[in-house]
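One predicted model, sequence on top.
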Amino acid sequence: MITIINTKIKDFVKMIEFYDELLYFIKKKTRNPDIAEDILHDTYTRIISLEEKKTIENKRAFLYKIAKNIIIDEVRKKSKKREIPYEENRMAFQCLQPEEITIEHNRMTILMKELKKLPAMRKEAFVLHVLEGYTRQEIADIMGISSHAVDKHISRASIELKKRLKEEDDS
């Protein structure tokens, strides 16, 4: 029992070593010291609660992954999305013929399948921009890359997906 407690204390001390480094990373991403502090607190809270359930091998990498996910969650909360009201959405689908609905559903299934095959960075940039509605600059901030690199990822993903959908349509 004492060995387990000592191990947990050592693990926690090890994680605290990354505090300043992680705070700098989060401040750089959020550009807001207050929000960065909140995200850092949430990061450590999550990792402590997760560590009780399972052993985490690379604590530094896991801290960064959790922080990045929380940053993405915060950006999503702040982004303004236009949602179609329920009635309007329902009316739009009533206008489609059954064959059109089936074709569209099949295309979406193929698109999602092909989307999963894309390289991770390309897929993340494409999903954040096209499906989630983020601007290229917001994506660059989230992913920690230049907006030029985001443009390339989105462009290449679009080209690849269009090509694959066309191949499916032709077959």
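Now that the structure is in, tell me what you want to look at.

hey, where'd the helices end up in the chain?
Along the chain, counting by DSSP state H, helices occupy 2-16, 19-30, 33-51, 59-78, 86-94, 98-117, 120-126, 136-143, 147-170.

Summarise which helices and strands the longest one is packed against.
Judged by 3 or more Cβ pairs under 8 Å, 6 or more residues apart in numbering; DSSP states H and E, helix 147-170 is in contact with helix 98-117, helix 120-126, helix 136-143. Just so you know, the C-beta spots here come from the backbone N, C-alpha and C atoms, and that holds for glycine as well.

closest one to residue 165 among the ones you listed?
helix 98-117 (6.4 Å; Cβ to Cβ).

could I get the closest one in CSV with only the CA atoms?
Taking C-alpha atoms only, helix 98-117 is exported to CSV below (Å, rounded to 0.1, in the frame of the first residue of the first chain):
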residue,chain,number,x,y,z
PRO,A,98,-36.2,8.5,-51.9
GLU,A,99,-33.6,7.8,-54.5
GLU,A,100,-31.9,11.1,-53.9
ILE,A,101,-31.8,10.4,-50.2
THR,A,102,-30.3,7.0,-50.8
ILE,A,103,-27.7,8.3,-53.2
GLU,A,104,-26.7,11.1,-50.8
HIS,A,105,-26.5,8.7,-47.9
ASN,A,106,-24.2,6.4,-49.9
ARG,A,107,-22.0,9.3,-50.9
MET,A,108,-21.7,10.4,-47.3
THR,A,109,-20.8,6.8,-46.2
ILE,A,110,-18.1,6.6,-48.9
LEU,A,111,-16.8,10.1,-47.9
MET,A,112,-16.5,9.2,-44.3
LYS,A,113,-14.8,5.9,-45.1
GLU,A,114,-12.3,7.7,-47.4
LEU,A,115,-11.9,10.5,-44.8
LYS,A,116,-10.6,7.9,-42.3
LYS,A,117,-7.9,6.9,-44.8
